[in-house]
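Undergrad: Predicted model, plus sequence, below.
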Amino acid sequence: MSTRFPGTPTSKIDRAPGTPVSKIDRTPASTPGGQKTREEKIVVTVRLRPLSKREQGHKDQVAWECVDEQTIIYKPPSQDRSIASTSYTFDKVFGPSSVTEAVYEDGVKNVALSALMGINATIFAYGQTSSGKTYTMRGITEKAVNDIYNHIMNTPERDFNIKISGLEIYNENVRDLLNSDSGRNLKLLDDPEKGTVVEKLVEETANGDQHLRHLISICEAQRQVGETALNDTSSRSHQIIRLTIESSLRENSDCVRSFIATLNFVDLAGSERASQTHTDGARLREGCHINLSLMTLTTVIRKLSVGKKSGHIPYRDSKLTRILQHSLGGNARTAIICTLSPAMSHVEQSRNTLHFATRAKEVTNNAQVNMVVSDKQMVKHLQKEVARLEAELRTPDPSARSGSELDWMEKDIKIKQMETEIEELRRQRDLAQYQVEELRRKMQEEQPAIQNLSPFESPHQVKKCLSFSGPSTPKPDGNKTRKTMGRQTMRQSSTTPFTLVHEIRKLEQLQEQLGEEANRALEVLQKEVTCHRLGNQDAAETIAKLQAEIREMRTVRSITQEVQVGGIAPNRSNLKEEITRLHSQGSTIADLEEQLENVQKSIDKLVLSLPSNNQQSNNVHEANPKSKTHSKKKKMLPLGSSNGPNIQNLIRSPCTPLSSSRRVLEAEAENKDPEDDDNLSSETLQGSEKPTPTKSEDGDVSSREGTPCFQRSSSVNMRKMQKMFQNAAEENVRSIRAYVTELKERVAKLQYQKQLLVCQVLELEANEAAGYELEDDENLSEQQGPPVSWHVTFFEQRQQIIELWDVCQVSIIHRTQFYLLFKGDEADQIYMEVELRRLTWLQQHFAELGNASPAPHGDGKPPISLSASIKALKREREFLAKRLITRLSAEERDALYIKWEVPLDGKHRKLQFVNKLWTNPNDSMHVQESAEIVAKLVGFCESGNVSKEMFELNFALPSDKRPWFLGWDPISNLIHL
Ligand SMILES: Nc1ncnc2c1ncn2[C@@H]1O[C@H](COP(=O)(O)OP(=O)(O)OP(=O)(O)O)[C@@H](O)[C@H]1O
């Protein structure tokens, strides 16, 4: 591709075989930033040489005198006073004693060196034969070459490229002076973009000043010379030596444009008349041709000197003017050195030269800076741009968009800073854990001291409520389960107010620490989010949402009251205050949990929107058309948490982050009042189980080799850097997410601990009111047998729970969840404890209530009563009966009817069947099978994602998320479980 290049040299820039090709895209009207063309008159100087030996031999007189730096006058011979002296003024005149250096410095240097700045320049030497044209031009060319290379040396920030071509116009034939084999008459071509070009003209790249001088000397050697009457070595042709100078800023610059200009050194043939040179034959013919070109040159100059009214300029009348067209009134700065012989015998020719010079003075040129964009540079620039844009898509930091190495280094530093911060947060977490352990240890140590304080303050109850240590749990009487449970309740109720307040405040301290940690984690997350502008709409929205959540989160501050553990002596009245205060904080903890949950969801979304997930998902789909369906079925979770291998983690972690939002939906749907759920089909539930994007089967989401985006990258290093940065960034997001998950888990545990404490406080008050004596408890303590294993305790507690479920008519969905989740893990102690306490309270509450109608709560929720629970359970069974159709095949249903002794042809057999579930608490097989069937009907087994978190959600109303112990109100949840 090429465009017209105003002021372009008229020779085609051809090259000899082996000359590197650099196709140049020339910019039209290449004036950077709209720079105006520079109007300038041709610089005209006159050089008067000394009398030559030949002239001196002929006793010729000096006819000219340079009276000052700009004026030359004709000095008539002393005998001819009639002729008035004539003066001529030019930009500069140089007398016989002046040296070429002065002519160069004062006359043409500025013009010549313009070529280094992208402005075309031409230096002419015009004059009759033997006037000193060649003598002057050789000196000027030499000095210009010196200056050019000095400039290159002093301009390290730019790369220069100099090429040379040489031609002569001899008898109106164009000949290549650098390639004598090219023929004697090269054609001139009119290139619509470049102007007049010389076909097949060789252009050599100069490797340095010496090389350039050498090439110039070749041109001069090749030039036609002949002997004339006036000059033994007369140049019989017009010689044009052309330097093309291109320069651009060095690597790593965003500038893709270069300066380019030509510098012509034109040594014209002698402008004498043929008669004066006494030529005939070959010389005469040369003279005719020479004069044809010179005559045209004169005409062109004359017409140009007149200005715009001159009409047609006959550039095309000679090859000389065609080739030099742009130097004559066009896009170039031009200097003409008119050389004169001082001899009186050549006065006429000298006058002609001066007349020509005078005309030339009036010619105006329009030079401008020429900029080019080479294909190579453009490709380089575009590659850089592509890489930069790719980096922008993947990297967050707007300041890191330049793509320079410095930016990447900055990113590296940021990543390291974040790693340090994450490490610090981990350290703080470990410290908090250590503090919890320490607290436990201290509490154990405190037991004897507390025993000494008062017989009322039984120490092992404290240990039990905080450590939930199975082994230390007293062994109940296996044959009298209910009785044992009652005894436990009594013992637990005897916990002292002092110890409880102490524990409550300790927990508050932990809660405060957690709040602080959560905030710190969110700060890190915010930084990370700021750094991750992933370039797509989804991600941008997620980030905006996340930032809003983080802002909101920051407003949730844990209550930072002065806690002086041990510095108080609570009694029963301030214990009540303590509980009230605890209730008021309940919402703070719940808020913290909720906010963490929101952050968790947003991070999940953010991670899903990371390019690796999307790309891999896309790749999988592209590679295997069936994989889309497959991925839906498989329900892959973010960050490679496939359902299979991570189920253990799910079970272990009450607040696991994996698709927690989805499970919230499920839980909400499943715990909804069955009556409101008539339309709740399997499709609805399945709809809530939105498929998450798939990842590669090997689970390595960080591997992104061969993604289309990276294949586009032009630079291997750039790609590598991008990949490294992306991996690190994703890893950071994952780390923060894991940490937020952990915080959630800890907050949830804290919640449980508080619930347990409040239970104890309430029981304490209840027992006190009932008149239990401390001695009883002590006696019971003495009756305790040796510690039994948690395993044994677990089964005993579970059996108690199963029986209480039955007594209290608890939801069979809740029973199923609980039964399947808690299978005896050490970590299950706290859940078993809380469940047992709640059910015990519920049983007592129902017993106290008897047949009396419970008072409504006034907030629209049903009152707490056994009959209400029975009704709720009935609706739940009806709901499950409907699910038999959607969740089981006809064969499966029939098999169950047979096994559970439901007549196959009976009416309402579905309801009959469901009514048999969870009806025999003492039959472990029955319980197990009931749980499995209910799980299948509500989809627990199918999803494989049942977690303790889900169970935890059942403790609170999904609608308001208030802790269940908040006042007495949430206790009503128990009825609907
Ligand atoms: N300024 C000068 N000082 C001393 N000698 C000079 C000067 N100018 C020219 N000469 C001498 O004059 C002679 C003729 O010069 P030159 O060959 O450069 O003339 P020319 O104009 O190129 O002639 P032609 O048109 O025939 O080629 C040479 O011997 C050269 O050395």
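TA: Nice, I can see it. Owing to the predicted nature of the structure, the values given are computational and were not obtained by experimental measurement.
Undergrad: Show me the helices in the stretch 251-400 of the chain, by range?
TA: Along the stretch 251-400 of the chain, counting by DSSP state H, counting those that start in this stretch, helices occupy 274-277, 281-306, 319-323, 347-361, 375-394.
Undergrad: With mean neighbour count, mean pLDDT and distance to the ligand as extra columns, can I get the ones you listed in CSV?
TA: Heads up, the C-betas are built off the backbone N, CA and C, glycines and all. Output for the helices of the stretch 251-400 of the chain, formatted as CSV (neighbours: other C-beta atoms under 10 Å; pLDDT from 0 to 100; distance: least, C-beta to the nearest ligand atom, whole Å):
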stretch, mean neighbour count, mean pLDDT, distance to the ligand
helix 274-277, 16, 44, 8
helix 281-306, 19, 72, 9
helix 319-323, 24, 92, 14
helix 347-361, 20, 92, 11
helix 375-394, 16, 73, 41
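Undergrad: Of those helices, give the one that comes closest to residue 440.
TA: Residue 440 sits nearest to helix 375-394 of all these, at 46.4 Å, using C-beta to C-beta.
Undergrad: helices or strands next to the closest one in the packing?
TA: Applying 3 or more C-beta pairs under 8 Å, 6 or more residues apart in numbering; DSSP states H and E, one finds that helix 375-394 contacts helix 708-712, helix 716-770.
Undergrad: tell me the domain boundaries of the protein?
TA: According to automatic domain parsing, the chain comprises the domains 42-373, 412-453+495-560+574-621+633-669+689-767, 789-977.
Undergrad: rank these by mean pLDDT and give me the bottom one.
TA: Per-segment mean pLDDT for the domains of the chain reaches its minimum on domain 412-453+495-560+574-621+633-669+689-767, at a mean of 54.
Undergrad: Over to residue 902. Which of the three states is it?
TA: Assigned by DSSP: H, G, I helix; E, B strand; the rest coil, the conformation of residue 902 is coil.
Undergrad: I figured it hits residue 917, correct?
TA: No - counting by C-beta atoms under 8 Å, residue 902 does not reach residue 917; the two are 11.2 Å apart.
Undergrad: Pull the number of nearby residues for whichever residue of the stretch 51-200 of the chain sits closest to the ligand.
TA: Per C-beta to the nearest ligand atom, the residue of the stretch 51-200 of the chain with the smallest distance to the ligand is residue 132, at 2.6 Å. Residue crowding around residue 132 was assessed by other C-beta atoms under 10 Å; the count is 23.
Undergrad: Could you check how far it is from residue 200?
TA: Residue 132 sits 33 Å away from residue 200, going by C-beta to C-beta, to the nearest Å.
Undergrad: now swap in residue 811 and tell me
TA: The gap separating residue 811 from residue 200 is 97 Å, by C-beta to C-beta.
Undergrad: Neighbour count for these two, which is higher?
TA: Relative neighbour count places residue 811 above the other of residue 811 and residue 200, with 28 against 16, counting by other C-beta under 10 Å.
Undergrad: Contacts (any at all) between the ligand and stretch 151-168?
TA: No - on the criterion C-beta under 6 Å from any ligand atom, stretch 151-168 is out of touch with the ligand, staying 11.9 Å away.
Undergrad: Mind listing what's buried along that stretch?
TA: Going by neighbour count (16 or more other C-beta atoms under 10 Å), the buried part of stretch 151-168 is 151-152, 158, 160, 162-168.
Undergrad: What about those residues, which are in strands?
TA: 158, 160, 162-168 (DSSP state E).
Undergrad: Contact partners for residue 333?
TA: Applying C-beta atoms under 8 Å, 6 or more residues apart in numbering, we find residue 333 in contact with 38, 40, 43, 110-111, 114, 119-122, 365, 367.
Undergrad: Excluding residues flanking it in the chain, which one is nearest residue 176?
TA: Among residues not flanking residue 176 along the chain, residue 182 sits closest, at 4.2 Å (C-beta to C-beta, 6 or more residues apart in numbering).
Undergrad: make that residue 832, sorry
TA: Computed as C-beta to C-beta, 6+ apart, the closest residue to residue 832 that is not its neighbour in sequence is residue 797, at 4.8 Å.
Undergrad: Could you give the number of residues near that neighbour?
TA: Neighbour number of residue 797 under other C-beta under 10 Å is 26.
Undergrad: check which helix or strand covers it.
TA: helix 790-808 (DSSP states H and E).
Undergrad: ditto for residue 876
TA: helix 866-887.
Undergrad: list the helices and strands that helix packs on?
TA: Contacts defined by 3+ C-beta pairs under 8 Å, 6+ apart place helix 866-887 against helix 682-688, helix 812-821, helix 909-915, helix 924-938, helix 972-976.
Undergrad: go with 6 Å
TA: Applying 3 or more C-beta pairs under 6 Å, 6 or more residues apart in numbering; DSSP states H and E, we find helix 866-887 packed against helix 909-915, helix 924-938, helix 972-976.
Undergrad: in it, what's buried?
TA: Buried, per 16+ other C-beta under 10 Å, within helix 866-887: 866, 868-869, 871-873, 875-884, 887.
Undergrad: got the angle for it vs helix 790-808?
TA: Comparing the axes of helix 866-887 and helix 790-808 via axes from the mean of the first three to the mean of the last three C-alpha atoms, to 10 degrees yields an angle of 100 degrees.
Undergrad: I'd like the next helix or strand past helix 866-887.
TA: Next along the chain from helix 866-887, counting by DSSP H and E, comes helix 890-899.
Undergrad: what is the orientation angle of that next one with helix 866-887?
TA: 140 degrees.
Undergrad: Check what contacts helix 890-899 and list those residues.
TA: Here helix 890-899 makes contact (C-beta atoms under 6 Å, 6 or more residues apart in numbering) with 884, 904, 909.
Undergrad: Just say helix, strand or coil for the residue nearest to residue 812 when sequence neighbours are not counted.
TA: Of all residues not flanking residue 812 in the chain, residue 918 sits nearest, at 4.3 Å (C-beta to C-beta, 6+ apart). Judged by three-state DSSP, the three-state class of residue 918 is coil.
Undergrad: Bridge partners for the closest residue to residue 106 other than its chain neighbours, pull those for me.
TA: Counting by C-beta to C-beta, 6+ apart, residue 106 lies nearest to residue 92, which is 5.4 Å off, once chain neighbours are set aside. Residue 92 forms beta bridges with residue 45, as assigned by DSSP bridges.
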